[in-house]
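[1] The amino acid sequence is not available; the structure is as follows:
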C-alpha cells in the first residue's frame with residue numbers, strides 16, 4: 001500500500017510538473033515574414049523545453065570551464081611557489097656546504113702548518129705556534145724548548161689533538177656529504193616536479209586557449225540564440241495579446257451560449273405553458289363566440305343610445321364654450337384695469353412682463369390638446385376658447401406679480417407734499433435744480449412704512465440724504481426713504497408691505513421734518529405721484 005501510495009504521489013507530481021511546463025512553455029506559432037512570404041514556425045512544448053535545457057547546459061558548461069581554468073591557474077601558482085621555495089632551500093644548502101668546505105680547508109691548512117712546525121726549523125715552528133696557540137701556550141713552548149722530552153710529549157699531545165680534530169672534521173664531512181646527497185635528491189625531485197609542473201602548465205595553457213576559442217564560439221552562438229530568443233519573445237508577446245483577445249471573445253461567446261441555453265430552457269418551458277394555454281384558449285373560444293353573438297345584439301341596441309349621447313355632448317360642449325367665452329371677457333376687462341394701473345406709474349407693461357418671464361422659468365396651466373382636423377366644430381370651438389382663456393389667465397398672473405412688486409402707497413399715513421418731482425428752486429441756494437422724488441411732510445417721529453414688500457439693500461447714513469433706507473422690490477424697482485430720524489431695519493432684512501422701517505426726521509440736507517421719497521426703475525428716477533395715483537385707482541376699484 002505504501003509503495004502504491006508513493007507511486008501514485010510520484011505520478012501526480014510528474015503530472016503536475018508536466019502541466020506546469022505545459023502552462024509555462026505553451027505551444028506557440030511564430031510568424032516569419034520575408035520577401036513577401038509568410039511562414040509559420042511551430043514551437044511545441046518539447047522544443048521550448050529542449051531549447052531552454054540546451055541554453056542551461058551551455059551556460060553551465062561555460063561557467064564550469066571558467067571555474068576549471070581558475071582552479072588550474074591557482075594550482076600552477078601554488079606549484080610555482082613550491083618550486084621557488086625549493087630553489088631557495090637548495091641555494092641556502094649550497095651556501096652552508098661551501099662554508100663547511102671553507103672551514104675544513106682552513107683546519108687542514110692549520111694541521112699542515114703544525115706538522116711543518118714540528119718537523120721544520122725552530123723559527124718556523126715559533127711562527128706556527130704564535131698563529132695556533134694562545135699567549136699561555138706560547139709561554140709554555142718557550143719554557144719547554146730547552147727540555148727535549150717535554151717537547152716530544154708536547155708534540156705527541158698535539159698529534160692526538162689533531163687526530164681528534166681530523167676525526168671530528170671527517171664525521172662532519174660525512175654528515176655534510178650525506179646531507180648534500182639528500183639535498184641533491186630533493187633538488188632532482190624538485191626539478192622533476194618543476195618539469196612536470198611546466199608540462200602541466202603548457203598543457204593547461206593549450207586547454208585554456210582551446211576553451212577560450214570554444215567560449216568565444218559559444219558566446220557568438222549565445223548572441224545568436226539571444227537574438228532569436230528576443231525575436232521569439234516579441235512574437236510570443238504578440239501571440240499572448242492575440243490569445244488574450246481570443247480568450248475574451250471565447251469567454252464572451254461562452255457567456256452568450258449560456259444565456260442562449262437559459263433562454264432555450266425558458267422557451268421550452270414557455271412552449272409547454274403555451275400549449276396548455278392554447279388548449280384552454282380553444283375551450284374558451286367557443287364560449288367567446290357565443291358571447292360575441294350576444295354582444296352583437298347588445299351593440300345594435302346601444303347604437304341608438306350612442307346617437308342620443310352625441311347630441312347631448314354637442315349641446316354640452318356649446319354651453320361650455322359660451323361659458324369659457326364669458327370668463328375670457330371678464331378676464332380681459334380685469335386685465336385692462338391692471339394694465340391701466342401699471343401704465344399710470346409710467347412703466348411699460350410689456351417690459352415688466354418680459355422681466356417677469358426672465359426671473360421665473362416655471363410653467364403651468366391646464367392641459368389643452370392640440371387642435372387637429374379630426375375634431376368636430378363644437379369641440380374645436382371649445383378648445384380655442386380654453387386656449388384663449390389660458391393666455392389671459394397667464395397674463396393676469398404675471399400682472400399680479402408685477403403689482404405686488406410695485407410701491408402703490410405713500411410711506412406715511414398723514415402727509416402733504418411740500419415739494420414735487422422734477423425741476424424746482426433749491427430751498428438752500430435758490431438755484432434751479434432737479435428733484436428726483438417727493439417731499440412728504442408729517443409729524444416728526446411718525447412711522448415710515450414700506451410701500452411694497454422687498455429686501456433692504458441700504459440702511460444708514462448717505463451724505464446729504466442723511467439717515468436713509470433703500471429697498472429692492474424686484475423687477476428693477478427700488479424705493480428710497482431719506483432724512484429719517486432713526487432707522488429700524490438693517491441691510492439684508494426682508495420687509496413686508498406697510499411694515500414700519502424707520503421714523504420721520506430732519507437729518508442730512510433738510511430744512512424741516514419730512515421724508516424724501518423716491519421710486520427708481522433700473523436706477524432711473526420715476527415720479528412717485530404716478531404710483532400714488534395708480535394705488536388710489538386700485539384701492540378705489
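    Ah, there it is. Being a predicted model, the structure only gives us computed values, none of them experimental.
[2] all contacts plus neighbour counts: C-alpha atoms, from now on.
    OK.
[3] how is this protein carved up into domains?
    If you go by automatic domain parsing, the domain ranges for the chain are 2-43, 48-241, 347-405, 416-540.
[4] how far does the longest helix seen in the chain sit from the chain's center?
    Assignment by DSSP state H gives helix 148-344 as the longest helix of the chain. Distance of helix 148-344 from its chain centroid, counting by Cα atoms, centre = their mean, to the nearest Å, is 20 Å.
[5] re earlier: of the domains of the chain, which stretch is the most buried?
    For those, average neighbour numbers computed from mean count of other Cα atoms under 10 Å are highest in domain 416-540, which has a mean of 18.
[6] Give me the average confidence score over it.
    Here domain 416-540 scores 93 as its mean pLDDT.
[7] returning to what we had before: check the average confidence over the longest helix of the chain, would you?
    For helix 148-344, mean pLDDT rounds to 76.
[8] Which stretch among the domains of the chain approaches residue 255 most closely?
    Nearest to residue 255, of all those, is domain 48-241, at 20.9 Å by Cα to Cα.
[9] Show residues contacting stretch 416-431.
    Residues from elsewhere that reach stretch 416-431 (Cα atoms under 8 Å, 6 or more residues apart in numbering): 432-442, 511, 527-529.
[10] Which of the residues you listed fall in helices?
    Per DSSP H, the contacts of stretch 416-431 map to helices at 528-529.
[11] The residue nearest to residue 489 when sequence neighbours are not counted: what's it in contact with?
    Nearest residue to residue 489, sequence neighbours excluded (Cα to Cα, 6 or more residues apart in numbering): residue 501, at 5.7 Å. Residue 501 is in contact with 447-450, 487-489, counting by Cα under 8 Å, 6+ apart.
[12] can you confirm residue 50 is in a helix?
    Yes. Counting by DSSP: H, G, I helix; E, B strand; the rest coil, residue 50 is located in a helix.
[13] I'd like to know how far it sits from residue 44.
    10 Å (Cα to Cα, to the nearest Å).
[14] Check residue 164 too.
    97 Å.
[15] Please report how far the residue nearest to residue 489 lies from residue 478.
    Taken as Cα to Cα, the span from residue 501 to residue 478 is 15 Å.
[16] try residue 528
    Applying Cα to Cα, the value for residue 528 to residue 478 is 11 Å.
[17] How about residue 307?
    For residue 307, the distance to residue 478 - Cα to Cα - is 63 Å.
[18] Kindly report the same for residue 159.
    Counting by Cα to Cα, the gap from residue 159 to residue 478 is 162 Å.
[19] what do you get for residue 11?
    Counting by Cα to Cα, the gap from residue 11 to residue 478 is 99 Å.
[20] got it, and residue 294?
    76 Å.
[21] just the strands in the stretch 351-500 of the chain please.
    For the stretch 351-500 of the chain, the strands defined by DSSP state E, counting those that start in this stretch occupy 416-419, 422-425, 432-435, 438-441, 447-449, 454-461, 467-472, 477-487, 494-495, 500-504.
[22] Of the ones you listed, which is nearest residue 84?
    Comparing the strands of the stretch 351-500 of the chain by Cα to Cα, strand 454-461 comes nearest, at 113.7 Å.
[23] so the closest one versus strand 467-472, what angle?
    In terms of direction (axes from the mean of the first three to the mean of the last three Cα atoms, to 10 degrees), strand 454-461 departs from strand 467-472 by 160 degrees.
[24] what does strand 454-461 contact?
    Identification of contacts with strand 454-461 by Cα under 8 Å, 6+ apart yields 405, 467-474, 487, 489-496.
[25] now do stretch 508-528
    Counting by Cα under 8 Å, 6+ apart, 345-346, 407, 411, 421-422, 427, 436-444, 463-467, 476-484, 504-506 sit against stretch 508-528.
[26] My guess is residue 204 contacts residue 72. True?
    Yes. The criterion here is Cα atoms under 8 Å, and residue 204 meets it with residue 72 at 7.1 Å.
[27] Between the two ends of stretch 408-421, how far is it?
    16 Å.
[28] What are the contacting residues of stretch 44-58?
    21-22, 25-28, 218.
[29] and what of stretch 342-356?
    339, 398-399, 401-403, 475, 526-531, 533-534.
[30] From one end of it to the other, what's the distance?
    Using Cα to Cα, the two ends of stretch 342-356 sit 14 Å apart.
[31] Off-centre distance for that stretch?
    Distance of stretch 342-356 from the chain centroid (Cα atoms, centre = their mean) equals 59 Å.
[32] Residue 406 touches residue 477, doesn't it?
    Yes. Assessed by Cα under 8 Å, residue 406 is found in contact with residue 477 at 7.2 Å.
[33] ok so, going back, quick one, which of the strands of the stretch 351-500 of the chain gets closest to residue 177.
    Nearest of the strands of the stretch 351-500 of the chain (Cα to Cα): strand 454-461, 136.1 Å.
[34] Adjacent strands (with direction) for the closest one?
    When pairing is defined by DSSP bridges, strand 454-461 lines up against strand 467-472 (antiparallel), strand 494-495 (antiparallel).
[35] So which of these is nearest residue 85?
    Nearest to residue 85, of all the strands paired with strand 454-461, is strand 494-495, at 116.7 Å by Cα to Cα.
[36] How about residues contacting that closest one?
    Residues contacting strand 494-495 (Cα under 8 Å, 6+ apart): 450, 453-456.
[37] quick one: which of those is nearest to residue 62?
    Distance to residue 62, by Cα to Cα, is smallest for residue 455 among the contacts of strand 494-495, at 95.3 Å.
[38] For that closest one, which residues count as its bridge partners?
    Beta-bridge partners for residue 455, by DSSP bridges, are residue 472, residue 494.
[39] measure it to residue 436 for me?
    In terms of Cα to Cα, residue 455 sits 22 Å off from residue 436.
[40] for residue 354, same thing?
    Between residue 354 and residue 436 the distance is 26 Å, computed by Cα to Cα.
[41] related to what we said a few turns ago, for the domains of the chain, give me TSV that also has distance to residue 270.
    Written out in TSV, the entries for the domains of the chain read as follows (distance: least, Cα to Cα, whole Å):
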stretch	distance to residue 270
domain 2-43	45
domain 48-241	43
domain 347-405	42
domain 416-540	66
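[42] Looking at those domains, spot the one closest to residue 286.
    domain 347-405 (38.1 Å).
[43] Endpoints of the closest one, how far apart?
    End-to-end distance (Cα to Cα), domain 347-405: 13 Å.
[44] Next: stretch 521-528.
    Length of stretch 521-528, first residue to last, Cα to Cα: 11 Å.
[45] Ok, which of the strands paired with strand 454-461 comes nearest residue 96?
    Comparison of those against residue 96 by Cα to Cα identifies strand 494-495 as nearest, at 130.5 Å.
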